[in-house]
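[1] Got a predicted structure here, sequence first:
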Amino acid sequence: MAGQGLKRLTGRLLQPTASEEARVICLDAREVVYVLRRSARRSFALQIDHRGVRVAVPWSAQNAEVERFIRGHGRWILDKLAARAAHTKPETFEPADGAVFSVLGESCRLRLGGGGRLARWRGGADGIEELVLPLVADPRALLIRALRRRALPWFAERVAEYCFRIGRDVPAVKLSSAKTRWGSCSNVSGIRLHWRLVHLPPSLIDYVVAHEVAHLVEMNHSPRFWAVVGELYPGWKEARVRLRAAGRTLPVIAGDAADEPFHED
């Protein structure tokens, strides 16, 4: 009896813990990112919340079964995502003295009326970076201009780095204010990256950069394209999920944010 009890206990200890993996599926010509959770459960389950689409399945579930389950609820998923997007409004940022916003994933404090006629960046006494703007009636245009000037050299450097990794010439890099796209790539105009990416952590900016640089090799979203993305940025699936969530939290300045979800080109 003692041996049987030990065997049962050992079996429980050897049970694998749950795992989570970010995946992508195409529903009605739209790519949907979801998190697949495998565990010791017995049934399939589907959930959509602030984190996005989550699918829970037993350990034994085959990939074909998982995709069949998701496609069987495809219309419901798309309707729910559309409804959440319609009710999720980005935060409006009021450029007041002392207001805090994010730059490259770190907190930055806005200071108004610090003297001079140009915007300047400086370190604050408490270690938080500060952006100092001249005191004007409406500082929003100055704020956006300062953020764009901060963004462009950073983006250009990251594009050059990823082009070097795949042995491609560095194309022209410009900023974008597109309504729903984080970036785009063209053989004619080069790579364009949305200036609002400057709010995000460098790791997420790098994912968008890697995505657009991969288009220099494959101007499509074929399996070969995603293989290039994986070569440049191995954790792209997880980054894509994080980007979708982070994009909904970025500050809105002067009505320059999208009222639709952003996506990569």
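    Yep, it's here.
[2] Quick one: neighbours of G127, just the number.
    Neighbourhood size, G127 [other C-beta atoms under 10 Å]: 7. (Each C-beta comes from the backbone N, C-alpha and C, glycine too.)
[3] Quick one: the strands in the protein, in order.
    Applying DSSP state E to the chain gives strands spanning 19-27, 30-39, 45-49, 52-58, 100-103, 106-112, 120-123, 129-133, 173-176, 183-186, 190-194.
[4] in the last one, what's buried?
    Residues of strand 190-194 classed as buried under the neighbour-count rule (16 or more other C-beta atoms under 10 Å) are G190, I191, R192, L193, H194.
[5] biggest separation within those residues, which pair?
    Largest separation among the buried residues of strand 190-194 by C-beta to C-beta: G190 and H194, giving 14.5 Å.
[6] a markdown table for the buried residues of strand 190-194, including distance to G105?
    Shown next, in a markdown table, are these (distance: C-beta to C-beta, whole Å):
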| residue | distance to G105 |
| --- | --- |
| G190 | 25 |
| I191 | 21 |
| R192 | 21 |
| L193 | 16 |
| H194 | 16 |
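[7] List the contacts of stretch 238-257.
    22, 24, 33, 35, 50-52, 88, 90-93, 95, 101-102, 140-141, 143-144, 147, 177, 182, 196, 199-201, 203-204, 207-208, 233, 261-262, 264 (C-beta atoms under 8 Å, 6 or more residues apart in numbering).
[8] can you tell me which residues contact G183?
    S176, I191, R192, L193, H194, L197, V208, V209, H211, E212, E264, D265.
[9] Surely the fourth one and A172 touch.
    No: counting by C-beta atoms under 8 Å, L193 sits too far from A172 to count as a contact (11.5 Å).
[10] list residues touching both of those two?
    Common neighbours of L193 and A172, counting by C-beta under 8 Å, 6+ apart, are absent.
[11] ok, back up a step: can you select the buried ones from the contacts of stretch 238-257 in ChimeraX?
    Per 16+ other C-beta under 10 Å, the buried members of the contacts of stretch 238-257 correspond to this ChimeraX selection:
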select :22,33,35,52,93,95,101,102,140,143,144,147,182,196,199,200,204,207,208,233,262,264
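[12] low pLDDT regions in this protein?
    Applying pLDDT under 70 to the chain flags residues 1-16, 86-91, 114-115, 254-265.
[13] Could you chop it up by domain?
    Domain segmentation of the chain under automatic domain parsing yields 17-87, 100-247.
[14] okay, the ones you listed in TSV with distance to I253 next?
    TSV is the format used below for the domains of the chain (distance: least, C-beta to C-beta, whole Å):
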stretch	distance to I253
domain 17-87	20
domain 100-247	6
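[15] mind checking how far L133 is from L175?
    From L133 across to L175, the span is 19 Å (C-beta to C-beta, to the nearest Å).
[16] Tell me where the longest helix sits in this structure.
    helix 140-166 (DSSP state H).
[17] Please enumerate the helices of the stretch 151-265 of the chain.
    For the stretch 151-265 of the chain, applying DSSP state H, counting those that start in this stretch gives helices covering 202-214, 223-232, 236-247.
[18] Now for the residue nearest to L216 when sequence neighbours are not counted, how many residues are close by?
    With sequence-adjacent residues excluded and distances taken as C-beta to C-beta, 6 or more residues apart in numbering, L216 is closest to R168, at 5.0 Å. Neighbour count of R168, defined by other C-beta under 10 Å: 14.
[19] Verify the stated contact: R168 with E218.
    No: judged on C-beta under 8 Å, R168 makes no contact with E218 at a distance of 11.8 Å.
[20] what about stretch 84-95, how long is it end to end?
    28 Å (C-alpha to C-alpha, to the nearest Å).
[21] I should have written stretch 55-67 there, sorry.
    10 Å.
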